[in-house]
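**Q** Provided below are the primary sequence and the corresponding predicted coordinates.
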Amino acid sequence: MSLAITRPAGLCISACVFAMASASCAPAQDTTPPQGGIVSASLCADAYVLALEPVAGIQALSWQVDQPISAAPDWARQLPRAWPDAERLFALDPAFVVFGAGEGGRSRVMLERSGYQSFELAWAEDFDGVRGNLLALGAMLGREIEAAAAVEALDERLAELEQRSVRRGAIPGVAYLSASGGSAGSGTYVDAAIKAAGGRNAVAGSGVTGWGRSDPELALTLEADIILTSYFTDGFAGTLSRATRHHAYRRLLDSAGRVDIASANWPCAGPHLIDAAEAIADALDEWAQRS
């Protein structure tokens, strides 16, 4: 990748003394290209950068890269950390910064005003959104070939899931439950993964649209063949983890059809969403064999 970027001009930090009123305080221009590479400032951006950029081109990944919710390989967890904070990003002097959806904000504005290049992922709730982000980021990084290959591989895996669904025949009801007690209705990337796997989203069937908050009443009445759980053992522990404590969720958590999906596969709609869909399909195949 070849990125020619002008570094921030030096600031005139000393006031001109009165006796030198005619002297100039104009800063000198430094046109030396940055020494860094690609920097990801977001957990979601990490997955996209890792999918497209060669190892040698990645300078830093997000501060969450060494946590259980990251699908990054071991070597990537040894890289420097990045935050979506302008001051810390300036210190890295990157060639290019990738932000997660809605995470660039003021930091991105400050970076671009100073001559740095950046890209912000679009919010995605389905596989079309994943394709779009891969192609858009690939174009920005000069990795169009890699992006096209990633999209082609994604489509091949989705086609195989469709064939598995046809062979399975039956369409079981599937419900998602996070450690917070939240669920995922229609229009979410969890819904997209369930459908791609060949299941029916029972939460959406109950009338939930979008990301549902903790709802003990729904948990007590929800009927599904398979219960998908995430973030119980590989997420963040805290006061919001209601489903781990509230008795209303016990029926779902103790279900024989409970399947835990690695949180690293879907902290957002990213390149690993297909891994989550395939894990769900495995659960559906096992359910079909039992039925």
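**A** Thanks, I have the structure now. Numbers count the residues shown, from 1 in each chain.
**Q** average model confidence for the lengthiest helix in the chain?
**A** Secondary structure of the chain per DSSP state H: the longest helix is helix 144-168. In this model, helix 144-168 has a mean pLDDT of 98.
**Q** same deal with stretch 98-116?
**A** pLDDT averaged over stretch 98-116 gives 96.
**Q** And the contacts of that stretch?
**A** Here stretch 98-116 makes contact (Cβ atoms under 8 Å, 6 or more residues apart in numbering) with 5-8, 34, 38-45, 48-49, 84-86, 89-90, 94, 96-97, 118-124, 137, 268. (C-beta placed from N, C-alpha, C; glycine too.)
**Q** what's the answer for stretch 154-174, then?
**A** 127, 130-131, 134, 194, 196-202, 205, 223-228, 271, 274, 277-278, 280-281, 284-285, 287-288, 291.
**Q** Buried ones among the residues you listed?
**A** 127, 130-131, 134, 194, 196-202, 205, 224-228, 271, 274, 277-278, 280-281, 284-285, 287-288 (16 or more other Cβ atoms under 10 Å).
**Q** now, which of those residues lie within helices?
**A** Going by DSSP H, the helices hold 127, 130-131, 134, 194, 196-197, 202, 205, 274, 277-278, 280-281, 284-285, 287-288 from the buried ones among the contacts of stretch 154-174.
**Q** which residues of this structure score low on pLDDT?
**A** For the chain, applying pLDDT under 70 flags the ranges 1-35, 235-246.
**Q** which stretches of it form strands?
**A** With strands called from DSSP state E, the chain shows them at 38-40, 58-62, 81-82, 96-99, 117-120, 173-178, 183-184, 200-201, 211-212, 226-230, 258-260.
**Q** Just the CA trace of the longest one, in PDB.
**A** This points to strand 173-178. Extracted in PDB, the C-alpha atoms of strand 173-178 (Å, rounded to 0.1, in the frame of the first residue of the first chain):
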ATOM      1  CA  GLY A 173     -37.200 -21.800  16.400                       C
ATOM      2  CA  VAL A 174     -34.100 -20.100  17.700                       C
ATOM      3  CA  ALA A 175     -33.800 -17.400  20.400                       C
ATOM      4  CA  TYR A 176     -30.800 -15.300  21.500                       C
ATOM      5  CA  LEU A 177     -30.000 -14.300  25.000                       C
ATOM      6  CA  SER A 178     -27.100 -12.200  26.200                       C
END
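**Q** Check the offset of stretch 226-236 from the chain's centre.
**A** Distance, stretch centre to chain centre, for stretch 226-236: 16 Å (Cα atoms, centre = their mean, to the nearest Å).
**Q** Just the buried positions in that stretch, please.
**A** Ile226, Ile227, Leu228, Thr229, Ser230, Tyr231, Phe232, Asp234, Gly235.
**Q** Would you reformat the residues you listed as a markdown table and include distance to Ala76?
**A** As requested, the buried residues of stretch 226-236 are exported to a markdown table (distance: Cβ to Cβ, whole Å):
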| residue | distance to Ala76 |
| --- | --- |
| Ile226 | 32 |
| Ile227 | 32 |
| Leu228 | 27 |
| Thr229 | 26 |
| Ser230 | 22 |
| Tyr231 | 21 |
| Phe232 | 25 |
| Asp234 | 17 |
| Gly235 | 20 |
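**Q** Perfect, that will be all.
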